[in-house]
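A.B. asks: Fold the following and give me the result.
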Amino acid sequence: MSDDLDETPDAPITPERTKTKLRARTVFISDVHLGMPDCKAAQASHFIRNTMCDKLVMNGDIIDAWHLKRLGGWNKSHTHFIRTVLKKMEKENTQIIYLRGNHDDILDRFIPIRLDNFLISDEHIHHTKDGDYLVVHGDGFDHVTTNHPWIAKLGGIGYNILLRVNRAYNWYRRIRGKESFSLSRWVKLKVKSAVSFVGKYEEQLQELAKAKGCVGIICGHIHSPANKKVGETHYLNSGDWVESLTAILEYDNGEFEVITYDQFCERTNREPKGYATVAEVDQSVKLGVENVTPAM
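C.D. replies: Residues are numbered from 1 along each chain as shown. Next comes the predicted model:
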């Protein structure tokens, strides 16, 4: 036989997945909490970089000044997030609207500010074909944050401790091949007072929207993504980039969707960005401002 017949056939080539970008008219994100060790800045940057939109609304608590004042924790991935947003404004001519939240309330002394395509304010009216939507962070309807800020900050410390415990627990679950588990979300679902708080929060915000002649409200603050009707008002909550990893998309046809980071990766054929290991995040806490980046 000839040498050609003796050759082993090459293994079939698996076609590489074609990466795409999402297209939306408007993107709403909130509660990134840059400066916190548990902030998923790499994933948030990945999402923003690969989503095309005319307007990006950052609805409060993008920077966590409370945590930075106490412990620090800023790293390269947090700086990269800021650069990603600014590059989007410069290269894609995206309008950027930054609304203050309770963790970045240092902005109160400066707002409103408008610089070309960049606006910093405390609220925004978003126009759609079906009517106007009021966009606010929502901390004004949290009576603890509004009336007892020291209790809110104490609660923030407790939340950080819970996240630290959750981080170690999820690391253990990952090495055993199990999915991540959110302790804080479990608490919200199981504790009656937490469930009652969320319900009252939603009702108060829909009343505010009605008072301003809006058909809907878009908020954040409570880290509970939602897309539903509360009374006659369309209530949307963009969630957070600490645990939920969610955002709101408004499409060109006027439809709204709450999308998760995993759904984004699946639709765009992109590999999810990795999470920092327990050791890396703990090192971040010890060093304050440092150069630890999430493991890829």
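A.B. asks: If I look at residue 194, what pLDDT would I see?
C.D. replies: On pLDDT, residue 194 comes in at 51.
A.B. asks: How many residues are close by the closest residue to residue 134 other than its chain neighbours?
C.D. replies: Sequence neighbours aside, residue 214 is the residue nearest to residue 134 in space, at 4.4 Å (criterion: C-beta to C-beta, 6 or more residues apart in numbering). For every residue, glycine as well, the C-beta is placed using N, CA and C. Close neighbours of residue 214, defined as other C-beta atoms under 10 Å, add up to 20.
A.B. asks: mind listing what residue 214 touches?
C.D. replies: 125, 131-134, 233 (C-beta atoms under 8 Å, 6 or more residues apart in numbering).
A.B. asks: let's go with 7 Å and repeat that
C.D. replies: Listed by C-beta atoms under 7 Å, 6 or more residues apart in numbering, the contact set of residue 214 reads 131-134.
A.B. asks: again with residue 40
C.D. replies: Contacts of residue 40 (C-beta under 7 Å, 6+ apart): 241-242, 245.
A.B. asks: cutoff 8 Å now
C.D. replies: 32, 241-242, 245, 261, 275.
A.B. asks: Let me have those residues in JSON lines, extended by pLDDT.
C.D. replies: Formatted as JSON lines, the contacts of residue 40 follow (pLDDT from 0 to 100):
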{"residue": "32", "pLDDT": "94"}
{"residue": "241", "pLDDT": "95"}
{"residue": "242", "pLDDT": "90"}
{"residue": "245", "pLDDT": "93"}
{"residue": "261", "pLDDT": "95"}
{"residue": "275", "pLDDT": "51"}
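A.B. asks: just the residues you listed now: which is nearest residue 50?
C.D. replies: residue 261 (11.1 Å; C-beta to C-beta).
A.B. asks: Do I have it right that the closest one meets residue 245?
C.D. replies: Yes: assessed by C-beta atoms under 8 Å, residue 261 is found in contact with residue 245 at 3.9 Å.
A.B. asks: Need the residues touching each of the two.
C.D. replies: Joint contacts of residue 261 and residue 245 (C-beta under 8 Å, 6+ apart) are 40, 43.
A.B. asks: Find the nearest non-adjacent residue to residue 21, please.
C.D. replies: Closest to residue 21 by C-beta to C-beta, 6+ apart is residue 50, at 4.9 Å.
A.B. asks: same question, residue 44
C.D. replies: Once flanking residues are discounted, residue 44 sits nearest to residue 241: 4.6 Å by C-beta to C-beta, 6+ apart.
A.B. asks: So what's the residue count around the one you found?
C.D. replies: 30.
A.B. asks: Give the next helix or strand downstream of the helix or strand encompassing residue 87.
C.D. replies: Element membership for residue 87, per DSSP states H and E: helix 76-92. Next in sequence after helix 76-92, counting helices and strands by DSSP H and E, comes strand 95-99.
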